[in-house]
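Asks: Provided below for reference: sequence and predicted model.
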Amino acid sequence: MTHALPSPDAPLKIGTRGSPLALAQAHETRARICAAFALPEAAFAIVVIKTTGDDRALIASDTPLKELGGKGLFTKEIEAALLSGAIDIAVHSMKDMPVDQPEGLVLDCYLPREDVRDAFISPRLGGIADLPRGAVVGTSSLRRRAQLLNRRPDLEVVQFRGNVQTRLRKLEEGVASCTFLAMAGLTRLGMLAEVPAYPIAPEDMLPAVAQGAIGIERRADDTATAALLEPIHHRETAQRLAAERAFLAALDGSCETPIAGLAELSGGTLRLRGEILRPDGSETLTDAGEAPIADGAALGRDMGRRLLERAGPGFFDWRSA
Ligand SMILES: NCc1[nH]cc(CCC(=O)O)c1CC(=O)O
């Protein structure tokens, strides 16, 4: 059965958050579907949806993201819009996506993954090794915080959030010596030339699960939309994320617990590295393994379970040192 393609009279509604990065990702998705089916941009409507994670007052506060809603902070309202039919597809940063989708929705289309690395951002310094003893670093990411404190217990970590310009201004004001952002976001925003960003090797800071990947969610019964997404799907990205997200699922984590994971493909083999940390950085546990690509999810699940076993109960609880 063939389906009617979207048109200016009956556009495909693309749901997205309103941040510059989210909009760039929605535009990239639109451009890829346009190219695959020779459609005009007018065959799509971009629908901006405000999420809890976009609440300015909340995000400007010093409250850790975890306390603001944890899993689904950036996604709950968007998934509700999908289910109600207000939008037809939702474009997500996979790093922010809980491992399970609500009944009735599927998330099985991925764009080619961007640079997976974290970036060290500083107007004056070129990397973590340049930070003087006791330096103040700005990040609201529990993972980055724990990784930094594990390697450098002398550092002081302060909450740092907001868009790229806000962060750069805070650095200029001397609030902190450096901050951290995903290379992928800076690249997709076309800002690499204007931001003093230095990529950090995964060996030094293992990225978050799914960092740099964009996923497209739709209604499970919407076969017309499934057919539209088929030609833009990137299989290698899906294979890597299957392993990483199975790892995350086994640990019951979200992007707001100190968990890192990265899968890479080489020939027919998938190599997965994983790390879990105590939130205060006092302890880190790592593992690595290889499997045939088709067994990536099983590898991720087993690695997650083994790490949990090594960690024991309470590993992710805050210690009062
Ligand atoms: N948690 C917020 C978030 N979700 C996705 C990205 C960046 C882009 C990506 O990793 O795909 C960011 C910001 C950051 O960590 O710099």
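Replies: Cool, the structure landed. Numbers count the residues shown, from 1 in each chain.
Asks: contacting residues for the nearest residue to V195 once chain neighbours are set aside?
Replies: Excluding the flanking residues, the one nearest V195 by CB to CB, 6 or more residues apart in numbering is L186, at 5.8 Å. (C-beta placed from N, C-alpha, C; glycine too.) For L186, the contacting residues are 119, 164, 192, 195, 197, by CB atoms under 8 Å, 6 or more residues apart in numbering.
Asks: L186 and E203: what is the separation?
Replies: For L186, the distance to E203 (CB to CB, to the nearest Å) stands at 21 Å.
Asks: which one in the contacts of L186 is the model shakiest on?
Replies: Checked by pLDDT, these have V164 as the lowest-scoring entry (90).
Asks: how many neighbouring residues does that residue have?
Replies: The tally of other residues near V164 (other CB atoms under 10 Å) stands at 19.
Asks: hmm, it is touching T179, no?
Replies: No - using CB atoms under 8 Å, V164 makes no contact with T179, being 9.5 Å away.
Asks: in the stretch 51-200 of the chain, which spans are strands?
Replies: Counting by DSSP state E, counting those that start in this stretch, the stretch 51-200 of the chain has strands at residues 89-93, 105-110, 118-121, 136-138, 156-158, 178-182, 197-199.
Asks: and the fourth one, how far out from the chain's middle?
Replies: Going by CA atoms, centre = their mean, to the nearest Å, the spacing between the C-alpha centre of strand 136-138 and its chain's C-alpha centre is 21 Å.
Asks: tell me what it is packed against?
Replies: Here strand 136-138 touches strand 156-158, helix 164-172, strand 178-182, going by 3 or more CB pairs under 8 Å, 6 or more residues apart in numbering; DSSP states H and E.
Asks: mind putting the ones you listed in TSV, distance to E77 included?
Replies: As requested, these are exported to TSV (distance: least, CB to CB, whole Å):
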stretch	distance to E77
strand 156-158	29
helix 164-172	23
strand 178-182	23
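Asks: low-confidence ranges, the chain, go.
Replies: Residue ranges of the chain with pLDDT under 70: 1, 56-71, 253-256, 319-321.
Asks: which parts of it sit against the ligand?
Replies: Residues of the chain lying close to the ligand by CB under 6 Å from any ligand atom are 93, 95-96, 181-182, 184-185, 211-212, 255.
Asks: mind doing that once more with 8 Å?
Replies: Contacts of the chain with the ligand, taken as CB under 8 Å from any ligand atom, map to 21, 65, 74, 93-96, 114, 116, 118-119, 141, 180-182, 184-186, 188, 207-208, 210-214, 255.
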